[in-house]
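>>> pasting a predicted model and its sequence here:
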Amino acid sequence: MPVKVKWFGHSAFAVSIGGKVFLVDPWLKNPKSPVKDLNLGFEPDYIIVTHDHGDHIGDTIELLKKYPRAKAVAIFEIASKIAEELGDPNRVVDGNIGGPIRLGGGYFVVLTTATHSSITGTPTGAVFGREGETVYHAGDTGLTSDMRLIGELYKPVAALLPIGGHYTMGPREAAKAAELIKPKYAIPMHYGTFPVLWGDPEEFKSEVARLAPEVKVVILKPGEEVELE
Ligand SMILES: [Zn+2]
């Protein structure tokens, strides 16, 4: 079954793996997003929050209220804060970096290191999905050699990598990340939302072609969905 990846601009994605839908960093009201309300047309199962800067935690609380089946997955401190805000500890799954979190039905999330900052707790990335069908969302991060281990261990079908520069990796660093991770597909994110996020996806693509020609770069438009086999 193909893994379906839909980009809402910035770092916000919906990823469908088998019957489960993962929303990641759902700042759905970002300036580039085609979604002006939160009517998604589908029910998310999990909302992964990499860190609690506004451009990542985004519309998580509102989405959890709107979609009662969904659970937030985040590092302990952020998950606790979300649970407190909702007044319901059953709406979150808390974890910590490096510990595989079993979600049932063979699905799992592993929070990964991200060299960044956050208001609460520690920022992360996330590997999620099920055996043979995993996706790595790097969150906001600089380049780290940990990415090689993520590639070796979880063999992600796709790596969603920030390329905007300034606060995260730029195109050059993200291309090196793609070389370390060796996913089948690399999808750039966290660029172009504001002028300061200067990274150019075409530059990323040509750098990946040079460093890791086996990795296919897929540049999405906000609102676009792609099926990855
Ligand atoms: Zn960010």
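Alright, I've got the coordinates.

>>> tell me where the chain is predicted with low confidence.
For the chain, applying pLDDT under 70 flags no range at all.

>>> let's go with 90 and repeat that
Of all residues in the chain, those with pLDDT under 90 make up the ranges 1, 35-37, 229.

>>> tell me the spacing between the residue lying farthest from the centre of it and the ion.
In the chain, counting by CA atoms, centre = their mean, G87 sits farthest out from the average C-alpha position, at 25.6 Å. Using CB to the ion, to the nearest Å, one gets 28 Å for the distance from G87 to the ion. Every C-beta, even on glycine, is put in place using the N, C-alpha and C of the backbone.

>>> this protein: helices as residue ranges?
According to DSSP state H, the chain carries its helices in the segments 54-57, 60-66, 76-86, 146-154, 171-181, 201-211.

>>> quick one: contacts for the residue farthest from the centre of the chain?
If a contact means CB atoms under 8 Å, 6 or more residues apart in numbering, then G87 has no contacts.

>>> that older thread, pick the most deeply packed of the helices of the chain.
Among the helices of the chain, judged by mean count of other CB atoms under 10 Å, the one packed with the most neighbours on average is helix 171-181 (a mean of 23).

>>> the inter-axis angle of it versus helix 201-211?
Following axes from the mean of the first three to the mean of the last three CA atoms, to 10 degrees, one obtains 40 degrees for the angle between helix 171-181 and helix 201-211.

>>> quick one: helix 171-181 to helix 146-154, angle?
30 degrees.

>>> show me what helix 171-181 is packed against.
Contact here means 3 or more CB pairs under 8 Å, 6 or more residues apart in numbering; DSSP states H and E; on that basis helix 171-181 packs against helix 146-154, strand 158-162, strand 185-189, helix 201-211.

>>> interface residues of this protein facing the ion?
Of all the residues in the chain, those in contact range of the ion (CB under 5 Å from the ion) are D55, D140.

>>> apply 8 Å and report the result again.
Counting by CB under 8 Å from the ion, the residues of the chain close to the ion are 10-11, 25, 51, 53, 55-56, 116, 140, 162, 167-168, 190.

>>> out of those residues, who's nearest A175?
For those, the residue nearest A175 by CB to CB is P162; the value is 12.2 Å.

>>> show me the residues around the closest one that make contact.
11, 138-141, 168-169, 174, 188-191, 199.

>>> repeat that with 10 Å
Taking CB atoms under 10 Å, 6 or more residues apart in numbering as the criterion, P162 is in contact with 10-11, 114, 116, 125, 137-142, 168-170, 173-174, 177, 188-191, 197, 199.

>>> okay, and the beta partners of it?
M189 (DSSP bridges).

>>> check contacts around the residue most central in space within the chain.
Closest residue to the average C-alpha location of the chain: H137 at 3.3 Å, with CA atoms, centre = their mean. For H137, the contacting residues are 5, 11, 13, 15, 22, 24-25, 48, 50, 112, 114, 124-128, 156, 158-162, 187, 189, by CB under 10 Å, 6+ apart.

>>> which strand residues bridge it?
Following DSSP bridges, H137 is listed with bridge partners A126, L160.

>>> could you check how far it is from D59?
Applying CB to CB, to the nearest Å, one obtains 17 Å for the distance of H137 from D59.

>>> for the helices of the chain, give me TSV that also has distance to I219.
Rendered in TSV, the data for the helices of the chain read as follows (distance: least, CB to CB, whole Å):
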stretch	distance to I219
helix 54-57	20
helix 60-66	26
helix 76-86	30
helix 146-154	20
helix 171-181	12
helix 201-211	5
